[in-house]
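J.: heads up, no residue letters with this:
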């Protein structure tokens, strides 16, 4: 009986690794470049990893979802966490509405970060993506919505976005589809 249990455990681990290897190339094609001439202020030690798909930034006190919206958090007891699948894109209105039905890691007070909160994740010492990819797995090097409206446009149809290719911010048309990463106040 003990041999059968060990075989089942081994079989589950092998299947889990096969799933991970099959999906990971689709969701994590990161070719991040690090500039060693810039001091790394976004080291792994800056973050408290909770092993439930969330991390807390010890500098800001904010708790973040590890995965972008649309990706699925996956963690095996072998310690190989991953964000499976592709990050979805949303209009600004859709991004703000995601939180209406969002419960994750036992919390239901998730929200779209404001411009400054989202910029706090950008790592100046790296690009493609400009984020600590050891912590924030499979982050697309693309635009992400903030909850901050942009007042630069006369018609008010713009909001602030952060581009994780190089870590810069800009305003984006609220009708465009961009990625979303959720945040909450840590307790």
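T.: Happy to help now that I have it. Quick caveat, the model's predicted, so the values are computed rather than measured. Numbers count the residues shown, from 1 in each chain.

J.: quick one: the strands in this structure?
T.: Counting by DSSP state E, the segments of the chain that form strands are 33-34, 47-49, 54-57, 62-65, 72-74, 82-84, 126-127, 143-149, 158-163, 168-173, 183-185.

J.: what does the fifth one rub up against?
T.: With contacts defined as C-beta atoms under 8 Å, 6 or more residues apart in numbering, strand 72-74 is touched by 20, 52-53, 65-67, 81-85. Just so you know, the C-beta spots here come from the backbone N, C-alpha and C atoms, and that holds for glycine as well.

J.: of all these, which comes closest to residue 148?
T.: Minimum separation from residue 148 among the contacts of strand 72-74 (C-beta to C-beta) is found for residue 65, which lies at 18.7 Å.

J.: ok, the closest one - how many residues close by?
T.: Residue 65 has 24 neighbours, counted by other C-beta atoms under 10 Å.

J.: Hmm, it is touching residue 103, no?
T.: No. Because the distance of 11.7 Å does not satisfy C-beta atoms under 8 Å, residue 65 is recorded as not touching residue 103.

J.: ok so, going back, which stretch in the strands of the chain has the least confidence?
T.: With a mean of 78, strand 33-34 has the lowest mean pLDDT of these.

J.: Neighbouring strands - and their directions - for that one?
T.: Applying DSSP bridges, strand 33-34 is found paired with strand 126-127 (antiparallel).

J.: closest one to residue 95 among the strands of the chain?
T.: Between residue 95 and those, the tightest spacing by C-beta to C-beta is seen for strand 143-149, at 4.4 Å.

J.: contacts for the closest one?
T.: 68, 90, 92, 95-96, 111-118, 156, 158-164, 169, 172, 176, 178-181.

J.: Repeat the analysis, applying 6 Å as the threshold.
T.: 92, 95, 112-115, 118, 159-163, 178-181 (C-beta atoms under 6 Å, 6 or more residues apart in numbering).

J.: Also stretch 81-91?
T.: Here stretch 81-91 makes contact (C-beta under 6 Å, 6+ apart) with 20, 23, 27, 67-72, 74-75, 137-138, 140, 175, 177-180.
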